[in-house]
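Chemist: Pasted the sequence and its predicted model underneath.
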Amino acid sequence: MTRDEARNKIIFALDTGEFSHVQYWAETLAGRVGMFKVGKQMFTACGPATVRMIQKFGGDVFLDLKFHDIPNTVAMASLEAARLGVKLFNLHALGGYEMMARTVEALDKEFGGTERAKVLAVTILTSSTEETLRQVGIDLPVPDMVVRLAKLAQKAGIDGVVASPQEIPLIREACGPDFLIVTPGVRPSFAALNDQKRVMTPAEAVKAGGDYLVIGRPIGDAEDPAAAAEMILDEIVAG
Ligand SMILES: O=C(O)c1cc(=O)[nH]c(=O)n1[C@@H]1O[C@H](COP(=O)(O)O)[C@@H](O)[C@H]1O
């Protein structure tokens with residue numbers, strides 16, 4: 001894999017609430033990562049201006065608001081997300097088939113054949129374990145639940161999933177080569193696990209067939225974030 005191909009796979013999780021930091025990150029990591037993820041903290045604090053600021057500096061955006069609500073509410077919120085011109089956004093597959101299908105229908109109606117934001121369904125969060133599932137009344141093993149939700153999302157017309165890198169082979173087998181797989185829970189050899197549980201290294205996640213890797217704290221908390229991003233690219237290219 002070339003360095004450019006590796007770079008295009010990296011999505012930096014911009015997990016801050018400070019609008020004044022956005023320009024710094026967009027400039028520092030431009031050309032070092034393929035996309036910027038704006039999540040709940042950033043969006044709640046600063047809203048769509050964050051997305052526009054990143055776009056102004058030439059960055060692509062993954063809007064990570066993990067919608068989960070009644071079908072109409074999610075479909076309408078999804079249209080607003082897509083109108084911001086983001087490349088990716090997500091919802092929770094646990095919201096069910098109708099919620100996902102209504103969202104894809106609304107997007108197709110508005111955007112027709114033109115290029116639109118891709119929708120990802122979050123399967124089971126990378127911080128969750130079997131115990132987490134049992135606590136909410138789900139007795140299936142995590143991998144079974146992930147595959148079940150990925151297949152449901154694909155049936156509803158969703159473009160891909162967010163899942164742990166450990167589940168990539170199972171999802172590929174169940175959903176085929178064109179279904180996008182985006183994996184957080186990626187930890188380079190030099191970084192701490194933090195609250196992530198089901199993790200892999202960047203090189204392993206790419207080798208397993210992940211289309212995009214979401215990486216936050218290993219870059220954001222590093223003393224030299226640009227160097228950390230380059231070290232991650234080194235690991236992927238070497239791997
Ligand atoms: O949808 C996500 O991006 C996501 C799903 C998931 O299962 N696990 C997960 O960690 N994330 C996000 O991915 C990012 C991971 O950040 P770090 O753990 O700092 O690399 C965070 O912004 C999470 O919100």
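Modeler: That came through fine. Because the structure is a prediction, the values reported are computed rather than measured.
Chemist: close to the ligand, is stretch 227-239?
Modeler: No. Judged by Cβ under 6 Å from any ligand atom, stretch 227-239 and the ligand are separated, with a smallest distance of 10.8 Å. C-beta here means a position set from N, CA and C on the backbone, and glycine is covered the same way.
Chemist: Could I get the buried residue list for that stretch?
Modeler: 228, 229, 231, 232, 233, 235, 236 (16 or more other Cβ atoms under 10 Å).
Chemist: go on, stretch 188-200?
Modeler: Buried residues in stretch 188-200, counted by 16+ other Cβ under 10 Å: 188, 191, 196, 197, 198, 199, 200.
Chemist: Double-check residue 15 against residue 220; I have them as touching.
Modeler: Yes. Contact criterion Cβ atoms under 8 Å: residue 15 and residue 220 qualify, at 6.6 Å.
Chemist: Give me the contacts around the longest strand that the chain contains.
Modeler: Longest strand in the chain by number of residues (criterion: DSSP state E): strand 61-67. Strand 61-67 is contacted by residues 11, 13, 35-40, 43, 51, 54-55, 73-74, 77-78, 81, 84-92, 95, 103, 117, 122, 182, 212, 214 when judged by Cβ atoms under 8 Å, 6 or more residues apart in numbering.
Chemist: Looking at the buried residues of stretch 227-239, which are in helices?
Modeler: Members of those lying in helices (criterion: DSSP state H): 228, 229, 231, 232, 233, 235, 236.
Chemist: so what's the second one up against?
Modeler: Residue 229 makes contact with 10, 12, 29, 32, 33, 219, according to Cβ under 8 Å, 6+ apart.
Chemist: what's the burial count for residue 4?
Modeler: 10 (other Cβ atoms under 10 Å).
Chemist: mind checking the SS state of it?
Modeler: helix (DSSP: H, G, I helix; E, B strand; the rest coil).
Chemist: Buried members of the contacts of strand 61-67 into ChimeraX, please.
Modeler: Applying 16+ other Cβ under 10 Å to the contacts of strand 61-67 leaves a buried subset, and the ChimeraX line that selects it is:
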select :11,13,35,36,37,38,39,43,51,54,55,74,77,78,81,84,86,87,88,89,90,91,92,95,103,117,122,182,212,214
